[in-house]
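Colleague: I would like to see how this sequence folds:
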Amino acid sequence: MVEPGGGQGPRTDEGTEVVEDPNGKTFTVSSRVEFRVTKEDNEAEVTCTVDHESLQNAERSTTQKLQVHYKPTAKIEPHPQYPREGEKLQLQCDGQGNPITYHALIGGVVAVIVFLLLSLLIVLGHYLIRHKGLCIRHGETVTSRHRQNPAEVMCTYLTHEAKGSDDAPDADTAIINAEGGQSGGDDKKEYFI
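Modeller: You can find the predicted model right below:
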């Protein structure tokens, strides 16, 4: 006996098949029903029942719930239903499907990744701006390409305060003061060996 939950599709009863075992003492009885499932059949119980005279009016049965996968549907509900000008409006998006829809989870993961990338960009940008300087080795400018010959290298850079940008009235004056140096500002020096 099959009891679907509400599927609208046509049912096909394949009938009952009886197979005698080779020893002639036992029989296998099977029946089959086919129907097209819909999302209304999700979580419906299907029951198979066996009734035999040897069971003395006690049926044997087993039940299984159907798990029907179907496309998700989305619905937006406003709260309040008819908002007035100046009122707060809350829109709620409900998704229903099987398996469970994970659009909110995916959006949250993407937001965290974007936040981490932006934070990393800000930290690296700050680091690169703060550590910009001039390195000289025997009268030539040193770049990362001159690593074959290890030698003593002196690097000089001006700190934010030494550049005079705090005291400058505009950006042009700050750049001029940074290029010419200030008598009151101490140059920071680093030595790499």
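
Colleague: any idea how the chain splits into domains?
Modeller: Under the assignment automatic domain parsing, the domains of the chain span 11-65, 71-128, 134-192.

Colleague: averaged pLDDT, the second one. What do you get?
Modeller: The pLDDT scores in domain 71-128 average 84.

Colleague: got the end-to-end distance for that domain?
Modeller: Domain 71-128 has an end-to-end distance of 49 Å (criterion: CA to CA, to the nearest Å).

Colleague: before we move on, what about stretch 39-46?
Modeller: 15 Å.

Colleague: then stretch 78-86?
Modeller: Stretch 78-86 has an end-to-end distance of 15 Å (CA to CA).

Colleague: and the longest helix along the chain, what's buried?
Modeller: Counting residues, the longest helix in the chain under DSSP state H turns out to be helix 103-130. When burial is assessed from 16 or more other CB atoms under 10 Å, helix 103-130 yields no buried residues. Just so you know, the C-beta spots here come from the backbone N, C-alpha and C atoms, and that holds for glycine as well.

Colleague: how about the helices in the chain?
Modeller: 103-130, 171-180.

Colleague: packing partners for the first one?
Modeller: Yep, that's helix 103-130 we're talking about. Helix 103-130 sits against no helix or strand, with contacts defined as 3 or more CB pairs under 8 Å, 6 or more residues apart in numbering; DSSP states H and E.

Colleague: the same query, at a cut-off of 10 Å, please.
Modeller: strand 90-98 (3 or more CB pairs under 10 Å, 6 or more residues apart in numbering; DSSP states H and E).

Colleague: and the strand it packs on, which strands flank it?
Modeller: Take DSSP bridges as the rule and strand 90-98 pairs in its sheet with strand 70-79 (antiparallel).

Colleague: contacts for the partner strand next, please.
Modeller: Strand 70-79 has contacts (CB atoms under 10 Å, 6 or more residues apart in numbering) with 37-42, 88-103.

Colleague: tell me the angle of it relative to helix 103-130?
Modeller: For strand 70-79 against helix 103-130, the angle by axes from the mean of the first three to the mean of the last three CA atoms, to 10 degrees is 80 degrees.

Colleague: what distance do you get for residue 127 to residue 120?
Modeller: Separation of residue 127 from residue 120 (CB to CB, to the nearest Å): 10 Å.

Colleague: an error on my part: the question was meant for residue 80.
Modeller: 42 Å.

Colleague: again, but for residue 33
Modeller: Residue 33 is 59 Å from residue 120, by CB to CB.

Colleague: could you do residue 83 as well?
Modeller: 41 Å.

Colleague: swap in residue 81?
Modeller: 44 Å.

Colleague: again with residue 18
Modeller: 71 Å.

Colleague: go on, residue 107?
Modeller: 21 Å.

Colleague: try residue 35
Modeller: As judged by CB to CB, residue 35 and residue 120 stand 55 Å apart.

Colleague: okay, now the nearest residue to residue 92 once chain neighbours are set aside: neighbour count?
Modeller: Excluding the flanking residues, the one nearest residue 92 by CB to CB, 6 or more residues apart in numbering is residue 77, at 4.9 Å. Other residues within reach of residue 77, judged by other CB atoms under 10 Å, total 10.
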